[in-house]
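# Here is my input; please provide its structure:
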Amino acid sequence: MTTPRRRARVLALIAAVSAIALAFATPVALADEIPLAPGHRLVAAYDGAPATARPVPGDAPAQHPYLAPNGRSGMHADGAGSGTHPFSGPLGRDPKVSSEKIAAVGGECATVTFDAGGRLLTVCGTIEGFLLKLLDPRSLDTLAEYKLPQRSSTVEAITRLDFEKIFKDTSGGAYFYLDDRDRVVLADSRQHVLRIAHRQKADGAWEFVVEDDWDLTSLVPHDCVSWTNLFPSGVCDPVTSVMPDWDGRIWWVTRLGRVGTVDPATGTLRSIRLTGEEIQNSFSVAEDGVSIVSDHALYSFRADTDGTPRIQWRQTYDRGTGTKPGSVNQGSGTTPDLFGGEGSDKYVAITDNADDRMNVLVYRRGVDVPAAQRLVCKVPVFGSGASTTDNSLISWGDSLVVENNYGYENPTTLTFGRSVVGGAARIDVRPDGSGCDTVWESDVRSPSTVPKLSTANGLLYFYEKQPNPLGVDAWYLTAVDFRTGKRVWKRLTGTGVAYDNNWAPITIGPDGTAYVGVFNGIVAVRDGG
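Below you'll find the model as predicted:
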């Protein structure tokens with residue numbers, strides 16, 4: 001998820017569907033490759049032509065001092081939430097596909113990060129709990145594994161047969177980041193923030209080591225459903241995401257609107273609450289503050305000297321009258337994007353949840369900007385009555401790319417050859433900041449992925465599914481020209497529910513591979529030769 005966001009629903013739904021499947025399935029032997037559903041021989045394996053790399057001009061987001069290098073630190077690639085990678089993804093030259101099946105049922109690997117050696121660090125969802133895994137970038141073999149606790153929403157869904165509980169749960173560790181020392185930082189389902197290192201032992205084997213464990217339960221209600229507490233009487237407020245600020249404090253947010261910090265040096269905890277508001281997405285950070293969007297408003301925060309979050313400014317938006325199909329709640333589905341130049345030309349972008357057509361919103365993020373001048377533009381996108389997104393925008397230079405997720409709910413939504421209305425659009429802020437213009441619109445049908453841009457080759461990457469009259473559920477990695485919005489090529493990754501990405505992002509690795517978390521594990525696409 002984002003924040004890609006939603007991005008942690010990626011793992012939430014897996015647990016639900018896994019529970020159903022386990023009740024009816026016969027034992028299945030584990031295999032390395034994710035199996036293909038029938039019909040893969042009836043669809044094209046490749047369409048289009050190889051691209052020529054055309055780097056896009058512009059400056060990358062400032063490197064966050066407490067995150068791994070841009071492009072490999074989290075779901076949205078960097079602290080600014082840009083969704084861009086400095087590595088050249090596949091150009092479509094005889095692209096090869098490989099996959100790794102993580103579990104007999106489920107196993108989707110959502111956020112993917114890369115350590116200094118190019119190894120993958122990811123969290124994968126199973127019925128028994130989330131797994132932090134270290135994977136080989138080429139073979140996708142598991143090098144090390146750390147089991148995270150099962151989430152309360154999974155237990156509640158199984159015991160009460162109410163799977164909506166986990167369809168909209170973005171907690172438990174799916175939103176994590178890799179810090180400047182290649183350590184994973186996440187919040188688990190116990191309301192603990194963990195900092196986890198990985199290291200190679202004398203015998204060559206790898207292992208995970210928990211270096212720090214900060215307990216938030218003194219500030220966060222934690223009477224949650226578990227196998228030993230099936231009927232709690234109190235409040236359970238899961239932690240949805242964590243990110244560091246420019247001073248090294250670890251910020252965290254909860255579903256019920258709590259915003260807090262951890263001082264890693266002292267362990268000091270501070271928090272406030274946005275009463276009556278939900279936070280289901282991740283958030284972004286820059287030197288001038290922390291940007292968080294709730295289901296009511298966009299916020300800019302800084303920390304006081306004691307670490308207490310302080311609101312710099314708050315901007316409400318049109319949250320509509322209900323939750324749309326393709327949205328996790330009644331609010332923005334995006335992690336804020338921080339982009340633009342210096343001073344008053346710094347921007348933050350989100351989408352709203354307006355009833356008829358969703359709007360892309362761009363605001364000036366300066367503290368001293370008059371309220372009447374904060375909004376730069378409000379641009380409606382996609383068709384009337386069929387417009388929403390629950391994934392972060394892509395931002396590069398003064399350009400934004402948004403995709404349409406309207407109609408996608410879970411993997412069962414698109415079976416039997418069905419798809420969504422889809423669509424993607426590029427919107428540019430005018431050089432003088434007087435407004436925004438739509439540069440192009442695309443009919444690409446990317447139901448639920450967090451798309452990405454390779455700034456090194458000028459290609460946007462979507463995970464696409466077209467309608468199929470024969471009922472074949474075929475999934476493709478699709479490359480789109482950032483400049484024109486035209487499809488360049490697409491490569492079949494697989495067929496069937498097992499290849500549905502279910503909100504997981506596309507991630508471009510340092511070696512040029514594009515990785516996609518899918519329902520049954522993870523897929524890799526790289527150029528041949």
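
# give me the low-pLDDT residue ranges for the stretch 1-150 of the chain?
Within the stretch 1-150 of the chain, the segments meeting pLDDT under 70 span 1-31.

# just the strands in it please.
46-48, 84-85, 96-101, 109-114, 120-126, 129-135, 142-147 (DSSP state E, counting those that start in this stretch).

# okay if I get the ones you listed as CSV plus mean neighbour count?
Heads up, the C-betas are built off the backbone N, CA and C, glycines and all. Converted to CSV, the strands of the stretch 1-150 of the chain look like this (neighbours: other C-beta atoms under 10 Å):
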stretch, mean neighbour count
strand 46-48, 14
strand 84-85, 28
strand 96-101, 19
strand 109-114, 28
strand 120-126, 26
strand 129-135, 22
strand 142-147, 16
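
# Mind putting the ones you listed into JSON lines with distance to V379?
Shown next, in JSON lines, are those (distance: least, C-beta to C-beta, whole Å):
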{"stretch": "strand 46-48", "distance to V379": "29"}
{"stretch": "strand 84-85", "distance to V379": "20"}
{"stretch": "strand 96-101", "distance to V379": "36"}
{"stretch": "strand 109-114", "distance to V379": "29"}
{"stretch": "strand 120-126", "distance to V379": "34"}
{"stretch": "strand 129-135", "distance to V379": "37"}
{"stretch": "strand 142-147", "distance to V379": "43"}
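
# mind checking which of the ones you listed is nearest D352?
When those are compared by C-beta to C-beta, strand 84-85 sits nearest D352, at 23.1 Å.

# what packs against that closest one?
For strand 84-85, the packing partners by 3 or more C-beta pairs under 8 Å, 6 or more residues apart in numbering; DSSP states H and E come out as strand 394-396, strand 452-454.

# Tell me which of the strands of the stretch 1-150 of the chain sits nearest to K465.
That would be strand 46-48 among those, by C-beta to C-beta, at 13.9 Å.

# Return the list of helices and strands in contact with that closest one.
Using 3+ C-beta pairs under 8 Å, 6+ apart, strand 46-48 sits against strand 487-495.

# so the strand it packs on versus strand 96-101, what angle?
40 degrees (axes from the mean of the first three to the mean of the last three C-alpha atoms, to 10 degrees).

# just the CA coordinates of strand 487-495, formatted as CSV?
Output of strand 487-495 as CSV, limited to C-alpha atoms (Å, rounded to 0.1, in the frame of the first residue of the first chain):
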residue,chain,number,x,y,z
ARG,A,487,1.3,1.7,-24.3
VAL,A,488,4.8,0.6,-25.4
TRP,A,489,4.7,-3.1,-24.5
LYS,A,490,3.1,-5.6,-22.2
ARG,A,491,4.2,-9.0,-20.9
LEU,A,492,2.0,-11.8,-19.5
THR,A,493,3.0,-12.6,-15.9
GLY,A,494,0.4,-15.3,-15.3
THR,A,495,-3.3,-16.3,-15.3
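
# Each with direction, which strands does the helix or strand that it is followed by pair with?
Downstream of strand 487-495, the first helix or strand assigned by DSSP states H and E is strand 506-508. Using DSSP bridges, the strands paired with strand 506-508 are strand 514-518 (antiparallel).

# Contacts for the partner strand next, please.
Residues outside strand 514-518 that contact it (C-beta atoms under 8 Å, 6 or more residues apart in numbering): 10, 34, 89-90, 99, 108-112, 120, 122, 124, 449, 452, 461, 463, 475, 477, 493-494, 498-502, 504-509, 522-526.

# likewise stretch 190-201?
By C-beta under 8 Å, 6+ apart, stretch 190-201 touches 115, 121, 132, 134, 144, 146, 149, 179, 181-188, 206-217, 220, 222, 237-239, 242, 250, 252, 262, 264.

# In helices, which of those residues fall?
Among the contacts of stretch 190-201, DSSP state H puts none in helices.

# If any of these are buried, put those into a ChimeraX selection.
Command for ChimeraX, covering only those of those found buried under the criterion 16 or more other C-beta atoms under 10 Å:
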select :115,121,132,134,144,146,179,182,183,184,185,186,187,188,208,212,214,216,220,222,237,238,239,242,250,252,262,264
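
# Show me the contacts of stretch 190-201 that map onto strands.
Among these, the members found in strands (DSSP state E) are 121, 132, 134, 144, 146, 184-187, 206-215, 239, 242, 250, 252, 262.

# Now distance to N468 too, for the helices and strands packed on strand 84-85, in TSV please.
Putting the helices and strands packed on strand 84-85 into TSV (distance: least, C-beta to C-beta, whole Å) gives the following:
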stretch	distance to N468
strand 394-396	28
strand 452-454	25
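
# how about the strands in the stretch 201-350 of the chain?
Counting by DSSP E, counting those that start in this stretch, the segments of the stretch 201-350 of the chain that form strands are 206-215, 239-244, 250-254, 258-262, 269-273, 284-286, 289-293, 297-303, 309-316, 337-340, 346-351.

# May I have the third one exported as CSV, CA atoms only?
Think strand 250-254. Taking C-alpha atoms only, strand 250-254 is exported to CSV below (Å, rounded to 0.1, in the frame of the first residue of the first chain):
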residue,chain,number,x,y,z
ILE,A,250,10.0,7.7,14.2
TRP,A,251,6.5,8.8,13.5
TRP,A,252,3.5,6.4,13.7
VAL,A,253,-0.2,6.7,12.9
THR,A,254,-3.2,4.6,13.9
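
# Does anything pack onto it? Which helices or strands?
Strand 250-254 packs on strand 239-244, strand 258-262, going by 3+ C-beta pairs under 8 Å, 6+ apart.

# Quick check: which of the ones you listed has the most neighbours on average?
For the helices and strands packed on strand 250-254, the largest average neighbour count (mean count of other C-beta atoms under 10 Å) is found in strand 239-244, namely a mean of 28.

# Please enumerate residues in contact with that one?
So strand 239-244 is in contact with 3, 8, 64, 66-67, 74, 79, 170-171, 175-177, 179, 185-187, 191, 193, 216, 220, 250-255, 279-285, 290, going by C-beta under 8 Å, 6+ apart.

# ok, S399 - how many residues close by?
S399 has 20 neighbouring residues, counting by other C-beta atoms under 10 Å.

# hang on, T413 is in a strand, isn't it?
No. T413 sits outside any strand when classified using DSSP: H, G, I helix; E, B strand; the rest coil, being helix.

# Is it in contact with G407, as I believe?
Yes. Shown here, T413 and G407 form a contact pair, counting by C-beta atoms under 8 Å, at 6.9 Å.

# still on that earlier bit, between the strands of the stretch 1-150 of the chain, which one is closest to G322.
Of these, nearest to G322 by C-beta to C-beta is strand 109-114, at 26.5 Å.

# Parallel or antiparallel, which strands does the closest one pair with?
Using DSSP bridges, strand 109-114 pairs in its sheet with strand 120-126 (antiparallel).

# Next, the angle from the strand it pairs with to strand 142-147.
Going by the same axes, to 10 degrees, strand 120-126 makes 50 degrees with strand 142-147.

# can I get the CA coordinates of strand 120-126 in CSV?
What follows is strand 120-126, C-alpha atoms only, in CSV (Å, rounded to 0.1, in the frame of the first residue of the first chain):
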residue,chain,number,x,y,z
LEU,A,120,14.9,-8.1,-1.3
LEU,A,121,13.4,-7.3,2.1
THR,A,122,9.6,-7.8,2.0
VAL,A,123,6.6,-8.6,4.2
CYS,A,124,4.4,-11.4,2.9
GLY,A,125,0.9,-12.2,4.2
THR,A,126,-0.3,-15.7,5.2
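
# Help me confirm that D136 comes into contact with L143.
Yes. The criterion here is C-beta under 8 Å, and D136 meets it with L143 at 6.0 Å.

# shared neighbours of those two, anything?
With C-beta under 8 Å, 6+ apart as the test, D136 and L143 both reach R119.

# Quick check: which of the helices and strands packed on strand 84-85 is nearest to G39?
Comparing the helices and strands packed on strand 84-85 under C-beta to C-beta, the one sitting nearest is strand 452-454, at 27.7 Å.

# Convert the helix or strand that the closest one is followed by to PDB, retaining C-alpha atoms only.
Following strand 452-454 in sequence order, the next helix or strand is strand 459-464 (DSSP H and E). Only the C-alpha atoms of strand 459-464 are listed here, as PDB (Å, rounded to 0.1, in the frame of the first residue of the first chain):
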ATOM      1  CA  LEU A 459       8.600   4.300 -18.700                       C
ATOM      2  CA  LEU A 460       5.600   4.000 -16.400                       C
ATOM      3  CA  TYR A 461       4.800   0.500 -15.200                       C
ATOM      4  CA  PHE A 462       1.300  -0.700 -14.500                       C
ATOM      5  CA  TYR A 463      -0.100  -4.100 -13.600                       C
ATOM      6  CA  GLU A 464      -2.900  -4.600 -16.100                       C
END
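
# Done for today, thanks.
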